[in-house]
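>>> okay, sequence plus prediction incoming.
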Amino acid sequence: MQRRSFLKHAGLGAVATGAVVSTPAFAQDMPSLSWRMASAFPAALDLRIGAGEQFCKFVSESTGGKFNIRHFPEGEIVPAADLLEAVSTNKVECGHGSSRAFHAKSPAFCFDASVPFGLNARQMNAWMSEGDGLRLTRELFKPEKIINFPLGNTGAQMDGWYTKEIKRQADLKDLKMQVAGLAADVLARLGVAPQPVSQAPLAEAFEKEGLQGIAGAGAYDDAKLELNKVAKYYYGPGWCVPGEQLSLYINDDAWNKLPKHYQSVLQAAALAAHGSLTARYDARNPAALAQLSANGTQVRAFPRSIMDMAFEATQQVYQDLSAKDARFKAIHDSYMGFRDSEMHWFRLTENAYGQYVAVALSGR
């Protein structure tokens with residue numbers, strides 16, 4: 001499938017602008033199908049869960065109720081850790097999650113979601129649809145018998161929560177932080193002691209296991225998970241996850257058995273839900289951050305020295321992984337090459353504008 005096909009199918013414009021597609025005439029001649037979608041997200045993360053539910057709703061309405069996908073939050077069918085296998089083996093026809101969770105299988109999967117010092121949400125959309133992103137990530141998923149589609153992006157995130165201020169690299173030495181994936185690989189080079197996700201309640205893990213930090217996301221999600229109750233200092237920017245793309249995973253046998261009309265509907269519905277999720281996070285994160293601050297959270301920006309060390313450590317991690325894995329290197333080179341080509345334009349336009357307005361407003 002061509003990498004731009006999910007943007008250009010008939011009827012896509014109507015769905016992407018939020019219009020409910022009227023019941024098409026072909027629906028009477030189409031089969032009635034029932035699928036199941038397993039989510040990697042708990043019910044508490046209502047925006048991420050909501051993107052999956054919105055996708056299922058679009059599919060049903062666009063086929064006159066002929067094609068229904070039942071959505072299950074994390075753990076109701078399989079735990080998040082088993083999502084890839086569940087879709088690969090057709091235990092469920094499709095799933096919704098973040099490919100960062102598949103780091104242990106191959107770090108290259110993270111490029112389907114987000115990587116340290118990587119693309120922001122708009123740049124990721126451009127790489128996936130106009131660059132080689134969709135083609136390269138589909139090649140990665142092909143041995144798993146999975147076809148992937150973008151289905152949501154959180155936009156900009158924060159870095160994480162800490163029990164103490166981070167002013168210099170010495171403050172990171174032996175710091176016990178719950179973090180995973182490529183971020184853990186990078187932070188370990190800065191002296192952090194990455195900790196696996198604890199099965200204990202978070203507050204208990206901080207108290208009994210001596211955790212001193214936990215990777216965050218955006219203010220809205222972090223407030224939902226009550227991360228402000230376990231740590232006081234909230235640091236940004238989110239260099240570990242500059243914008244996290246979520247993905248729809250479809251078993252390729254299930255996909256290939258679909259009528260072409262249904263395939264088009266799935267692609268259009270995924271794109272519609274994909275775009276709306278970023279808008280929802282952008283609308284809710286500012287108010288959530290203000291509420292966190294009002295409740296005692298200390299919002300901090302990393303010193304430039306910390307950011308520089310993190311950037312250099314990230315390059316070392318990428319070099320090491322590229323030397324070991326040709327597949328990782330191929331995706332890395334495309335992804336980072338695209339990032340580098342975008343930066344001059346963004347620095348000249350959006351970044352400069354945003355910095356000016358922020359300074360101007362601070363002086364009023």
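All right, it came through fine.
>>> how about the strands in the stretch 51-200 of the chain?
67-72, 94-97, 146-153, 160-162, 176-178, 193-195 (DSSP state E, counting those that start in this stretch).
>>> tell me the most buried of those strands?
A comparison of the strands of the stretch 51-200 of the chain by mean neighbour count, using mean count of other CB atoms under 10 Å, puts strand 94-97 on top with a mean of 28. Quick note: C-beta positions are derived from backbone N, CA and C, even for glycine.
>>> what lies in contact with that one?
35-41, 48, 51-52, 55, 69, 71, 80, 83-84, 86-87, 151, 246-251, 254 (CB atoms under 8 Å, 6 or more residues apart in numbering).
>>> tabulate the CA atom coordinates of it in CSV.
Coordinates of each C-alpha in strand 94-97 appear next as CSV, following Å, rounded to 0.1, in the frame of the first residue of the first chain:
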residue,chain,number,x,y,z
CYS,A,94,-7.1,-4.9,16.1
GLY,A,95,-5.5,-3.0,19.0
HIS,A,96,-4.7,0.6,20.0
GLY,A,97,-1.5,1.6,21.8
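>>> thought Lys176 was touching Ala205?
No: checked against CB atoms under 8 Å, the pair Lys176 and Ala205 is beyond contact range at 9.7 Å.
>>> intersection of neighbour lists for the two?
Listed contacts common to Lys176 and Ala205 are Leu211; contacts here mean CB under 8 Å, 6+ apart.
>>> distance to Pro107 and mean pLDDT for the strands of the stretch 51-200 of the chain - can I get that in JSON lines?
Shown next, in JSON lines, are those (distance: least, CB to CB, whole Å; pLDDT from 0 to 100):
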{"stretch": "strand 67-72", "distance to Pro107": "28", "mean pLDDT": "98"}
{"stretch": "strand 94-97", "distance to Pro107": "16", "mean pLDDT": "98"}
{"stretch": "strand 146-153", "distance to Pro107": "16", "mean pLDDT": "98"}
{"stretch": "strand 160-162", "distance to Pro107": "20", "mean pLDDT": "96"}
{"stretch": "strand 176-178", "distance to Pro107": "19", "mean pLDDT": "95"}
{"stretch": "strand 193-195", "distance to Pro107": "14", "mean pLDDT": "94"}
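>>> Leu227 is nearest to which of those?
Closest approach to Leu227 among these is made by strand 160-162 (5.0 Å; CB to CB).
>>> name every strand pairing with that closest one and say which way it goes.
Sheet pairing of strand 160-162 (DSSP bridges) gives strand 213-215 (antiparallel), strand 233-236 (antiparallel).
>>> tell me the most buried of these?
Across those, the average number of neighbours (mean count of other CB under 10 Å) peaks for strand 213-215, which reaches a mean of 25.
>>> ok, which stretches of the stretch 251-364 of the chain are strands?
With DSSP E, counting those that start in this stretch as the criterion, the stretch 251-364 of the chain has strands at 298-301.
>>> count the neighbours of Ala104 for me.
Using other CB atoms under 10 Å, Ala104 has 10 neighbouring residues.
>>> check Gln298 too.
14.
>>> for it, give me its contacts.
Contacts here follow CB under 8 Å, 6+ apart; on that basis Gln298 touches 165, 232-234.
>>> so how far is Glu93 from Lys142?
From Lys142 over to Glu93 the distance is 17 Å, taken as CB to CB, to the nearest Å.
>>> show me which of those two is the more surrounded one.
A direct count of neighbours by other CB under 10 Å for Lys142 and Glu93 places Glu93 higher, at 22 against 12.
>>> tell me the centre residue of the chain?
Glu244 (2.8 Å; CA atoms, centre = their mean).
>>> contacting residues around that residue?
With CB under 8 Å, 6+ apart, Glu244 has these contacts: 98, 100, 113-114, 153-154, 157, 217.
>>> Ala215 versus Phe55, what's the distance?
For Phe55 relative to Ala215 (CB to CB), the value is 26 Å.
>>> and if you look at Met30?
Distance from Met30 to Ala215, counting by CB to CB: 44 Å.
>>> what are the boundaries of the helices in the stretch 1-150 of the chain?
12-16, 46-62, 83-88, 121-130, 133-141 (DSSP state H, counting those that start in this stretch).
>>> endpoints of stretch 32-51, how far apart?
By CA to CA, to the nearest Å, the extent of stretch 32-51 from end to end equals 23 Å.
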